[in-house]
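Undergrad: A predicted structure for the sequence below; I have some questions about it.
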Amino acid sequence: MGKTSQNLYEIFGEVIAEHDFLKAFLITSGLAFLMYFSAPKIVSMLGREDLLNALRVTLSALGAFFGFIVSTSIIEPKRIVEGE
Amino acid sequence: MDIASLLIQVTFLTAFSVLLYIIIGMIPGTDETATIAPITLAFLAAGFDPLLVLAWFMGTIVAFKAADAVPTALAAIPGGVMAVPQVPDALVARKYGYSEIILRKGITASVIGTVVAIAITLPLSFYLTPLGELLKNPAGPLGWPGWVYLIVAGILLLAVMSKAKVLALLAIFPFAMLVQGLRGLYGQSAFISIFLAITIGPILYELLTLISPNNHHLKRQDYARIKLVKTGKISLNPLHHLTKVEVMLSSVLAGLSGILATFMSPVGLTVLFGDLVKESQKDELKGSLMAYAVRDAIKNATYIGGTLIPLIALGVPTGPMSAGPAHPFFAELAAFGGLTPRDVLLQRYSTSTIILVTVYATLFAAVLAYLILIKYSKQLTRFVFKKVPAEALYATFLAIVLVLAYNDAGIAGIFGSILVGLISATFVRNGVSIGILFMVLVAAPYLVGLLF
């Protein structure tokens, strides 16, 4: 435990792996931008074009949040917790 | 919206924000501004009701400020920037086997700081409202609105209190020129992309360093090892956790800091008053326990006072808190027809409704955070450290910033954000308070106007 084939780096007191960060970044930004650009279709389906600007931001934040859930489920935290 | 349905929505929103930000607050390296501001801004830019977003915001700051010291007490790892001054106190407590005691002192003092701050600063905010109108009128030799003099005075005060005084003073005009230069390039008075770039700057800088060949100093061979101290069952009664002197000091200094945070830096006040309390005690352990509790009370109070007084009384962001994490409430947003959420809040709701909702959300958040943290702090810390990867969290906030920057100024907004983020991080890494950069962003048009 505590070893990975990836390069590990320490930032802000946290250890992160470069490929895992890249993976998380692609998932979260991919989903955020996907939702952002899907917003016009979604508002036209809802018949509420007046909500476009509001929904764009809300949906993209929601996309980033989904990305967080997905990334959390597939990436292992680089911490070993020990009790005293 | 009638009061009952408003309070029901506030209850759900505040409970959700408390649960979410207890977890975020415990994660090391999560900066308050970078994690609170983008989500608040996303809600407001989407046109959500400003009073409901204010309730959410109060829940986030109460929970984050109470939770960020939990890993500090249990593992000497600060959960956020504001908890960094508490690390030496936690290490002294650990040396004497007092980690559990310092944990409950901190959580209880957070609640005291919250209650005192809301009791003092909210009524004061409404009392000071006439001052806000005066501050909007042009005055003085430069013909600036009054609030601009205040914010420039705040920038200078913060600069001379910074670790890097000369660099902080030197940063003012170049950073103002960068902001105005980008706005000129965009052809609009962009705010969101530049604001978020400052918030995310330090994280962005570190992440971009990873793709540089000169990143050897950041390389590690193994995972981070975190030792959690032993804890037993902790009483829910807050009166069991603090001495009378600690309650008195926490209350007085929280009240004072809540007001001073209108213009001064929350971190600065936490360090200043915490160190004064520590130095006043000859006994090392007693000084550290007292300082730790007082710092926790001050953290909550500065965030609450630094938000509410400028938001309700002044109407302009006059300090690092209102120009930083709370600034989305002062931004002119398309979702509100070019008005600020603050204007809409005061137009849409009566004084009594604002007071009721704000007090309710804040106290509910404080009680909920207290109960959760006192009962489950160790389990939560263990869960967060074992289950939430830092990569996912950093990537999420970066994604939110990128998409909002794109929404603000297109592709140019993304590149502009990278530029502003890197320059901000360079200043911050060299000892310039991030609060100075936020305040320069607000005053940039006036500062650059002096040069031409």
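TA: Good, I have the coordinates. All values derive from a computational prediction rather than experimental measurement.
Undergrad: Could you confirm residue A:80 falls within a strand?
TA: Yes. Residue A:80: assigned to a strand according to DSSP: H, G, I helix; E, B strand; the rest coil.
Undergrad: mind pulling up the phi and psi values for residue A:9?
TA: With angles defined as degrees, to the nearest 10, residue A:9 sits at phi -130, psi 150.
Undergrad: Hmm, it is touching residue A:20, no?
TA: No. Between residue A:9 and residue A:20 there is no contact under CB atoms under 8 Å: 10.7 Å. The way it works is simple: take the backbone N, C-alpha and C, and place the C-beta from them, glycine included.
Undergrad: how about the strands in the chain?
TA: Went with chain A since none was named. For chain A, the strands defined by DSSP state E cover A:8-11, A:14-17, A:79-83.
Undergrad: try chain B instead
TA: Under DSSP E, chain B gives strands at B:138-139, B:144-145, B:219-220, B:224-228.
Undergrad: tally of neighbours for the residue in chain A positioned nearest to chain B?
TA: Chain B sits closest to residue A:12 of chain A, with a gap of 2.8 Å, by CB to the nearest CB. Residue A:12 sits with 17 neighbouring residues when counted by other CB atoms under 10 Å in any protein chain shown.
Undergrad: tell me the contacts of the nearest residue to residue A:43 once chain neighbours are set aside?
TA: Leaving out its chain neighbours, the residue that sits closest to residue A:43 by CB to CB, 6 or more residues apart in numbering or on different chains is residue A:52, at 4.9 Å. Residues near residue A:52 by CB atoms under 8 Å, 6 or more residues apart in numbering or on different chains: A:39-40, A:43.
Undergrad: Buried among those residues? Need that as a selection in PyMOL.
TA: The following PyMOL line selects those of these that are buried, judged by 16 or more other CB atoms under 10 Å in any protein chain shown:
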select buried, chain A and resi 39+43
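Undergrad: Throw the contacts of residue A:52 into a markdown table and include pLDDT, thanks.
TA: Output for these, formatted as a markdown table (pLDDT from 0 to 100):
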| residue | pLDDT |
| --- | --- |
| A:39 | 88 |
| A:40 | 90 |
| A:43 | 80 |
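Undergrad: Could you list the low-pLDDT ranges of the stretch 1-150 of chain B?
TA: B:1, B:29-30 (pLDDT under 70).
Undergrad: what does it put close to chain A?
TA: B:27-29, B:39, B:42-43, B:45-47, B:77-78 (CB under 8 Å from any CB of the partner chain).
Undergrad: can you do 6 Å?
TA: B:28-29, B:42, B:45-47 (CB under 6 Å from any CB of the partner chain).
Undergrad: and of these, the nearest to chain A?
TA: Checking the residues of the stretch 1-150 of chain B next to chain A one by one against chain A (CB to the nearest CB), the nearest turns out to be residue B:29, at 2.8 Å.
Undergrad: Helices along chain A, start to end?
TA: Secondary structure of chain A, counting by DSSP state H: helices at A:18-46, A:52-74.
Undergrad: Buried deepest among those helices, which one?
TA: helix A:52-74 (a mean of 20; mean count of other CB atoms under 10 Å in any protein chain shown).
Undergrad: Compute the inter-axis angle for that one and helix A:18-46.
TA: 140 degrees (axes from the mean of the first three to the mean of the last three CA atoms, to 10 degrees).
Undergrad: and residue 16, how many residues sit next to it?
TA: I'll assume chain A. The tally of other residues near residue A:16 (other CB under 10 Å) stands at 31.
Undergrad: not quite, I wanted chain B
TA: Count around residue B:16 with other CB under 10 Å applied: 13.
Undergrad: ok, now residue A:47?
TA: Using other CB under 10 Å, residue A:47 has 8 neighbouring residues.
Undergrad: Next one: it from residue B:335, what distance?
TA: For residue A:47, the distance to residue B:335 equals 20 Å [CB to CB, to the nearest Å].
Undergrad: next one: residue B:69
TA: 35 Å.
Undergrad: between the two, which one's more packed in?
TA: More neighbours surround residue B:69 than the other of residue B:69 and residue B:335, with 34 against 18 (other CB under 10 Å).
Undergrad: Point out where the stretch 301-450 of chain B drops to low pLDDT.
TA: Judged against pLDDT under 70, the stretch 301-450 of chain B has no low-scoring part.
Undergrad: residue ranges of the helices in it, please?
TA: All helices of the stretch 301-450 of chain B, identified by DSSP state H, counting those that start in this stretch, fall at B:320-323, B:341-348, B:351-387, B:390-429, B:434-449.
Undergrad: Of the residues of the stretch 1-150 of chain B next to chain A, which belong to helices?
TA: Per DSSP H, the residues of the stretch 1-150 of chain B next to chain A map to helices at B:42, B:45.
Undergrad: Give me the contact list for the lowest-mean-pLDDT helix or strand in chain A.
TA: Sorting the helices and strands of chain A by mean pLDDT, DSSP states H and E puts strand A:79-83 at the bottom, at a mean of 80. Here strand A:79-83 makes contact (CB atoms under 6 Å, 6 or more residues apart in numbering or on different chains) with A:2, B:223-228, B:382, B:385-386.
Undergrad: mind running it again at 8 Å?
TA: By CB under 8 Å, 6+ apart, the residues outside strand A:79-83 that reach it are A:1-2, A:14-15, B:223-228, B:230, B:382, B:385-386.
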